[in-house]
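Coordinates for the following, if possible.
(2 chains)
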Amino acid sequence: MFILKKLLILLFFVLLITTLTSCSASAPQDLEEVTLLLDWTPNTNYSGIFAAMEEGYYREEGIDLQVVEAPGSVLQMIATGQAHFGISYQEEVVFARLSDLPVVSIAAVIQHNTSGFASLKERDILSPADFEGKRYGGWGSPVEEATIKALMDKHGADFNLVDIVTTGEVDSLIAIERDADFAWIYYGWTGIEAELKGIDLNFIELRLEEEALDYYTPVIVASEELIAENPTLAERFMNATSKGYRLAMDDPETAARHLLTHAPELDHDLVSASQEWLVDKYQAEADTWGLQDKKTWEAYSNWLLENGLIDKMPESEKAYTNRFVR
Amino acid sequence: MKKSLNIKNSLPPVTIILALLLLWELICKITAIPEFILPSPSAIGSSLAANYRLIASHSVTTLAAVAAGLFLAVTVAVLAALAMDRWLLIKQAMFPLLVVSQAVPIFALAPLMLIWFGVGLAPKILIVALVCFFPLAVSLVEGLEQVNPEEIELMQVMQAGRWMIMQHVKFPAALPYFFSGLKIAATYSVLGAIIGEWLGARAGLGIYMLRAKNSFQTSDVFASIIIVVVLSLLLFKIVEITGSLVMPWRKEKDLTVED
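You can find the predicted model right below:
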């Protein structure tokens, strides 16, 4: 009898504590709670968003922005209405739309693809022709293999001579020293990190090798439903976001500081250096930040089709919109 | 008497741990291995010292999911075990499902939970509950089975009802099993919450780990691993202490057995 009572009391307290802790966070009044999903850990690609948060640009638009890190399931959650906006990339949007996920890219965060193949200087990998006889460390996705193969074909090299190793979550800089010879990295983060560590890299920039691979990464996405039923929310969100990215372009130091306020876990030197590197890349030669070009969407979809990665063309006009770009 | 015994018992493991740490530190110093590949214990220590506030705030988020998830798992497991004990048919029908609940790969299911329940605390609580449910339910069912039938017969002779038998015989007999199940569950629970956070969260130790890893700060990753281990040990200890408070007779018995 006593035991039962004691246990019940214990359970009661646990319940009390859990309800108290789960109710503590509440949104400020008059602000609409809006959720944005990140596809990776906070980094300089997202600087404009954190700048807009810290400067209060979202609040000015009546938005209380909740940023959630959700690598791996952003588009599913956008499609099912679990979140309003998300960060993705062109390839993922194409595949999602072909699987009937109603997601639309509403802004290109960076005008050009800054990714490419990195290797240690001493391995002498200067062009895709040098991939022959080397090990590639990656995720083992079909797109990676097709990309490597296409680039090698162009140079008349034999793709079958490449050893594909799945390194997955292994840090690329460690992978190219130990498990593989070259890896696919974003220069603005991993490349800068290598520079800071004094590791000399050879870097083969994807967009310089093949124009069709100059796709948009990352992009901001929303669902078709949100765009159709609540376009003003998308407008308000993008007003603030554009302002944030403009600040990041004008004042990288402040942008780096805002990013670090949101994610103090990050390496300060890496954030500052990466922010400096990205300054002229967010907008590049485009008329305004976020603008997307039909040619870029068509070219990459075509490339995916030609290389057998998709079996039909997605409708580019539906995959992206410039309607909310300021 | 007991205290001195404890110190004596903990001396060998502590010595081993200290020796290993020293060896690790020496290897790092001698080979000059880059910190982003293997940080030395001292680097991990200074990372802990520098970031304890941040880690503490992330820990609170994770522990909230752990507490709620454990509570949910205990509630459901107790109800399920009682039902299975009362009706044989339910036991026959449900026991395979218990095994299924443990066999489901969490890493495959967790992203779906996010898609179904959003990115708030709910999916993390459910993942913790799912991880903890199986050891709890199985040990409870087993505990209720282990009751001495003669004791039940005696109670029946004395005109005791089902509820009386449950209170005075079955429940006390099942308690030790319940607590050993709870120990296993508590140890797994932190890991469950972290898996949930890896897939989508605003804060928590899982997020801390990802941020540290993705900005190449390996010593911070190690620091968070230490915190996860310490939290799991603490939970284990809390369950153990609660167990001995709830079952004082058990503690005495244990002591006599030990001594």
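
just checking, what packs against the helix or strand hosting A:Thr254?
Under the criterion of DSSP states H and E, A:Thr254 resides in helix A:252-262. With contacts taken as 3 or more C-beta pairs under 8 Å, 6 or more residues apart in numbering or on different chains; DSSP states H and E, helix A:252-262 sits against helix A:47-54, helix A:231-250, helix A:268-278. The way it works is simple: take the backbone N, C-alpha and C, and place the C-beta from them, glycine included.

avg pLDDT for the shortest one?
When pLDDT is averaged along helix A:47-54, the result is 97.

List of residues touching it?
Helix A:47-54 is contacted from outside by A:36, A:42, A:57-58, A:65, A:67, A:109, A:240-248, A:254-256, A:258-259, A:261-263, A:275, A:278, A:282, A:289, using C-beta atoms under 8 Å, 6 or more residues apart in numbering or on different chains.

How about the second one?
With C-beta under 8 Å, 6+ apart as the contact definition, helix A:231-250 has outside contacts at A:32, A:34, A:47-53, A:55, A:57-58, A:60-63, A:84-85, A:106-107, A:109, A:220, A:222, A:226-227, A:254-255, A:275, A:278-280, A:282-283, A:288-290, A:323-326.

can I get the CA coordinates of that helix in CSV?
Provided in CSV are the C-alpha atoms of helix A:231-250 (Å, rounded to 0.1, in the frame of the first residue of the first chain):
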residue,chain,number,x,y,z
PRO,A,231,1.2,34.9,-50.1
THR,A,232,1.4,37.9,-47.8
LEU,A,233,3.2,35.7,-45.2
ALA,A,234,5.8,34.7,-47.9
GLU,A,235,6.1,38.4,-48.8
ARG,A,236,6.7,39.5,-45.2
PHE,A,237,9.1,36.7,-44.6
MET,A,238,11.1,37.5,-47.7
ASN,A,239,11.1,41.2,-46.9
ALA,A,240,12.9,40.6,-43.7
THR,A,241,15.1,37.8,-45.1
SER,A,242,16.3,40.0,-48.1
LYS,A,243,17.1,42.8,-45.7
GLY,A,244,19.1,40.4,-43.6
TYR,A,245,21.1,39.1,-46.6
ARG,A,246,21.7,42.7,-47.7
LEU,A,247,23.1,43.4,-44.3
ALA,A,248,25.4,40.3,-44.6
MET,A,249,26.7,41.6,-47.9
ASP,A,250,27.3,45.1,-46.6
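
returning to what we had before: buried among the contacts of helix A:231-250? Make that a ChimeraX selection.
Selecting only the buried entries of the contacts of helix A:231-250 in ChimeraX, with 16 or more other C-beta atoms under 10 Å in any protein chain shown as the criterion:
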select /A:32,34,47,48,49,50,51,52,53,55,57,58,61,63,84,85,106,107,109,220,222,226,227,254,255,275,278,279,282,283,289,290,324,325
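
got a list of what whatever residue of the stretch 101-250 of chain B ends up closest to chain A touches?
Here the residue of the stretch 101-250 of chain B nearest chain A is B:Gly200; by C-beta to the nearest C-beta that distance is 3.3 Å. Contact analysis of B:Gly200 by C-beta under 8 Å, 6+ apart lists A:37, A:68-71, A:73, A:77, B:114, B:119, B:123.

change it to 10 Å
Going by C-beta atoms under 10 Å, 6 or more residues apart in numbering or on different chains, B:Gly200 touches A:37-38, A:68-74, A:77, A:82-83, B:110-111, B:113-115, B:118-120, B:123-124, B:206-207.

Okay, and which of those residues map to strands?
With DSSP state E as the criterion, strands contain A:37-38, A:68-69 from among those.

residue ranges with poor pLDDT in chain B?
Along chain B, the parts satisfying pLDDT under 70 run over B:1-8, B:251-259.

before we move on, the earlier item: show me which of the contacts of B:Gly200 are buried.
The neighbour-count test (16+ other C-beta under 10 Å) marks A:37-38, A:68-71, A:73-74, A:77, A:82-83, B:110-111, B:113-115, B:118-120, B:123-124, B:206-207 as buried among the contacts of B:Gly200.

quick revisit: near chain B, from the ones in strands among the contacts of B:Gly200?
Among the ones in strands among the contacts of B:Gly200, proximity to chain B is found for A:37-38, A:68-69 (C-beta under 10 Å from any C-beta of the partner chain).

the domain parsing of chain B - what is it?
What automatic domain parsing lists as the domains of chain B is B:1-32, B:40-258.

circling back to that earlier point, just the helices and strands packed on helix A:252-262: most buried one?
Stretch with highest mean neighbour count among these: helix A:47-54 (a mean of 26; mean count of other C-beta atoms under 10 Å in any protein chain shown).

how far off helix A:268-278 does that one point, in degrees?
110 degrees (axes from the mean of the first three to the mean of the last three C-alpha atoms, to 10 degrees).

so after helix A:47-54, what's the next helix or strand?
Heading C-terminal from helix A:47-54, the first helix or strand you meet, by DSSP H and E, is helix A:57-60.

How far does that next one sit from its chain's centre?
Here helix A:57-60 is found 23 Å from its chain centre; the criterion is C-alpha atoms, centre = their mean, to the nearest Å.

Greatest separation within the ones in strands among the contacts of B:Gly200: which pair is it?
Based on C-beta to C-beta, the longest span within the ones in strands among the contacts of B:Gly200 runs between A:Leu37 and A:Glu69 and measures 7.8 Å.

Now list whatever residues contact both of the two.
Common neighbours of A:Leu37 and A:Glu69 (criterion: C-beta under 10 Å, 6+ apart): A:87, B:119, B:200.

Mind listing the strands whichever strand or helix holds the first one pairs with, and their directions?
Spelled out, that is A:Ile87. Secondary structure from DSSP H and E places A:Ile87 in strand A:85-88. Partners of strand A:85-88 in the sheet, by DSSP bridges, are strand A:32-38 (parallel), strand A:219-223 (antiparallel).
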